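Q: From the sequence below, what's the structure:
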Amino acid sequence: MRSPATSPKKRGFDAFSKPIDGIRTRSTIGGIITLLASVTAAILFISQMYLYSVGDVTHNLDLAASIPLSVVIPTKGGFSQTLYDRASHAHVNPRNKKKNKMLKSIQAIVASRIDVTVHITFPNMNCKVLDYSHNGDRFSTGDFVANNGLSKFVKRRPTEYDYAKATQQPVKGLSKTKTDMSLGSEGSCTVRGKLTIPRTAGDLSLFLSDEAFRKTGEMVQMGLSLEEADKHTGGHEVSHYIHEIQFGKNYPPVTNPLNDIFVKMEDPSGIGLNQMAVRLVPTIYKRFMRPKQNTYQMSYSSYAIRPDLLVSAAGKLPGLNIHYDFNPIAVTHTESRENFFVFVSSLIGIVGGVFVTVGLVSTAVVTSAQSVLKKQD
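A: Sure thing, here's the model as predicted:
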């Protein structure tokens, strides 16, 4: 079956008619207007692309997640650290209800804990007289190892880089893995490791051991100088350099305030206690098309306790004591972008609207100018 012949009118119709050469006039003003419209459209196009790539940032405040007392229990007398590690990767078996109940309890404990990374150097104290504790569980008594594991914290002689940092010397070209006795680091100690803590307030301390502090005091009373006493005790000066103290994951837009801090004891004896109070703000960090992160913002304040006050203060020893606490208010940081189709529509509207607007304005200006010239003639 033949299709009916197309009428001459339809064949002559063109929806996209072109101007006939010689009818459309070209002028300098028209070129300037076209250039202005193109530049304006390009600027708006680039600014729209930039705004879309940056996105919108919003911050919301809400109460932090509550932690039941049943999940804030120590490892000692409860579950072993190995069981904690296994439970964090285990799956619930619906057939064994008794095992599932215990497994869920352990997983709740794991979920309520965060890792604390510690890297501190004492440039004038031997490792044998340096002790540390968490919430009263000391390394010297074995409670710290029993509750947290043997390899959580490691005491060793500082590397070339660590010792130079701690003594305020140039670090260019120094190794971060090797030790050099010629630098004088034989009487120094670096503590480095990671500790898992519950999300409740606590204390982390690094200090001169009881025995070393007592012996130093006895030898001074006998008439020996502190330098002479150090030959028998292993050091007394507790000035230290904090390379890093990190609670959980750091909030990416902000640098960690507990990095690269040198603490020099003001007392000439070098004995004192650096008391630090650290406040942790739970922050949920949400980025566009990325999984959310549970991070922490930190702020701290510190003050020094003089050696004469340490003698009268029960349970206080020279060194560093960090008291940390968690803010009950949590922050949600959200980075979002508008819908992609809305973005494309606005982009096309901006580019097209610029040329239409400039065309209308330029036509009105040119027409007005021509009318004024005709009247003058």
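Q: For the spatially closest residue to residue 241 that is not a sequence neighbour, grab the count of nearby residues.
A: Among residues not flanking residue 241 along the chain, residue 166 sits closest, at 3.7 Å (CB to CB, 6 or more residues apart in numbering). All C-beta spots, glycine's among them, are computed from the backbone N, C-alpha and C. Residue 166 is flanked by 24 other residues according to other CB atoms under 10 Å.
Q: swap in residue 216?
A: 24.
Q: how close does it sit to residue 126?
A: 12 Å (CB to CB, to the nearest Å).
Q: Backbone dihedrals for residue 249, please?
A: The phi and psi values for residue 249, taken as degrees, to the nearest 10, are phi -90, psi 140.
Q: partner residues bridging it?
A: residue 295 (DSSP bridges).
Q: I'd guessed it sits against residue 298; true?
A: No - under the criterion of CB atoms under 8 Å, residue 249 is not in contact with residue 298, lying 11.4 Å apart.
Q: need the contact list for the residue nearest to residue 258 when sequence neighbours are not counted.
A: Spatial nearest neighbour of residue 258, chain neighbours left out: residue 245 (4.0 Å); criterion: CB to CB, 6+ apart. Contacts were defined as CB atoms under 8 Å, 6 or more residues apart in numbering; by that measure residue 245 touches 116, 117, 118, 119, 120, 256, 258, 259, 278, 322.
Q: Now list the buried members of those.
A: Buried subset of the contacts of residue 245 (neighbour count, 16 or more other CB atoms under 10 Å): 116, 117, 118, 119, 120, 256, 258, 278, 322.
Q: So which of the residues you listed sit within strands?
A: 116, 117, 118, 119, 120, 278, 322 (DSSP state E).
Q: Going by distance to residue 42, which of these wins?
A: Relative to residue 42, the closest of these is residue 117; by CB to CB it sits at 48.1 Å.
Q: burial measure for the closest residue in space to the closest one that isn't next to it in sequence, as a count.
A: Spatial nearest neighbour of residue 117, excluding adjacent residues (CB to CB, 6+ apart): residue 246 at 4.2 Å. For residue 246, the count of nearby residues is 18 (other CB under 10 Å).
Q: of all the ones in strands among the buried ones among the contacts of residue 245, which comes closest to residue 287?
A: Nearest member of those to residue 287, counting by CB to CB, is residue 117, at 22.9 Å.
Q: what bridges to the closest one?
A: residue 194, residue 246.
Q: now residue 122
A: Those that pair with residue 122 in a beta bridge, by DSSP bridges, are residue 189.
Q: circling back: quick one: the buried ones among the contacts of residue 245 as TSV, columns for distance to residue 372 and pLDDT too.
A: As requested, the buried ones among the contacts of residue 245 are exported to TSV (distance: CB to CB, whole Å; pLDDT from 0 to 100):
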residue	distance to residue 372	pLDDT
116	79	92
117	77	93
118	81	95
119	79	95
120	82	95
256	69	92
258	73	93
278	75	95
322	81	95
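Q: how about these, which pair is most distant?
A: Farthest pair in the buried ones among the contacts of residue 245, by CB to CB: 119 and 278, 15.5 Å.
Q: Please, where are all the strands along the chain?
A: Under DSSP E, the chain gives strands at 56-63, 113-122, 130-134, 137-138, 153-156, 189-198, 202-208, 240-247, 249-250, 261-263, 273-286, 293-305, 319-326, 329-336.
Q: Which neighbouring elements make contact with the longest one?
A: Based on contacts counted as 3 or more CB pairs under 8 Å, 6 or more residues apart in numbering; DSSP states H and E, the elements that strand 273-286 packs against are strand 240-247, strand 293-305, strand 319-326, strand 329-336.
Q: To residue 139, which of these lies closest?
A: strand 319-326 (12.5 Å).
Q: Show me what counts as buried in the closest one.
A: By neighbour count on 16+ other CB under 10 Å, the buried set for strand 319-326 is 319, 320, 321, 322, 324, 326.
Q: Name whatever forms a beta bridge with the third one.
A: In this structure, residue 321 bridges to residue 205, residue 275 when assessed by DSSP bridges.
Q: Please tell me how far it sits from residue 363.
A: From residue 321 to residue 363 the distance is 78 Å (CB to CB).
Q: Equivalent analysis for the fourth one, please.
A: From residue 322 over to residue 363 the distance is 73 Å, taken as CB to CB.
Q: Now distance to residue 268 too, for the ones in strands among the buried ones among the contacts of residue 245, in CSV please.
A: Converted to CSV, these look like this (distance: CB to CB, whole Å):
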residue, distance to residue 268
116, 33
117, 33
118, 28
119, 28
120, 23
278, 28
322, 25
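Q: just those now: which is nearest residue 46?
A: Taking CB to CB as the measure, residue 46 lies nearest residue 117 of these, at 41.9 Å.
Q: residues contacting that closest one?
A: The contact partners of residue 117, by CB under 8 Å, 6+ apart, come to 193, 194, 244, 245, 246.
Q: Turn these into a markdown table, columns for distance to residue 272.
A: Listed next are the contacts of residue 117 as a markdown table, based on distance: CB to CB, whole Å:
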| residue | distance to residue 272 |
| --- | --- |
| 193 | 24 |
| 194 | 27 |
| 244 | 22 |
| 245 | 19 |
| 246 | 25 |
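Q: Out of these, which comes closest to residue 58?
A: Closest to residue 58, out of all of the contacts of residue 117 and judged by CB to CB, is residue 246, at 26.2 Å.
Q: ok, now which ones touch that closest one?
A: Residues in contact with residue 246, defined by CB under 8 Å, 6+ apart, are 116, 117, 256, 258, 259.
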